[in-house]
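**Q** What follows is a predicted structure for the sequence shown.
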Amino acid sequence: MKSDIRVCSAWKAEHDRPVYTLSATCPECGASAINSAPAPFDPADPYGEYRRALKRRARD
Ligand SMILES: [Zn+2]
């Protein structure tokens, strides 16, 4: 069973904890919301996902 729950892709930069949502964007900061199944960020590169999120927003 696949879940549609997504997590704010920029939560590490924008929030104190992951922000989960069912929509395509974070309800709190407006960043892209990504599938929460895979690890949403690389602990060794805490801003990598944030940079990728910005690129995704630029394409949208
Ligand atoms: Zn957010």
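**A** Cool, the structure landed. Residues are numbered from 1 along each chain as shown.

**Q** what distance separates the helix or strand harbouring Arg51 from the centre of its chain?
**A** Taking DSSP states H and E as the criterion, Arg51 maps to helix 48-59. Chain-centre distance of helix 48-59: 9 Å, with CA atoms, centre = their mean, to the nearest Å.

**Q** touching the ion at all, that helix?
**A** No. Helix 48-59 is not in contact with the ion by CB under 5 Å from the ion; minimum separation 9.4 Å. In this view, the C-beta of every residue, glycine as well, is placed from N, C-alpha and C.

**Q** Pull out the buried positions in stretch 23-35.
**A** Across stretch 23-35, burial judged by 16 or more other CB atoms under 10 Å covers 25-26, 31-34.

**Q** Turn the residues you listed into JSON lines, columns for pLDDT and secondary structure.
**A** As requested, those are exported to JSON lines (pLDDT from 0 to 100; DSSP: H, G, I helix; E, B strand; the rest coil):
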{"residue": "Thr25", "pLDDT": "95", "secondary structure": "strand"}
{"residue": "Cys26", "pLDDT": "96", "secondary structure": "coil"}
{"residue": "Ala31", "pLDDT": "96", "secondary structure": "coil"}
{"residue": "Ser32", "pLDDT": "95", "secondary structure": "strand"}
{"residue": "Ala33", "pLDDT": "94", "secondary structure": "strand"}
{"residue": "Ile34", "pLDDT": "91", "secondary structure": "strand"}
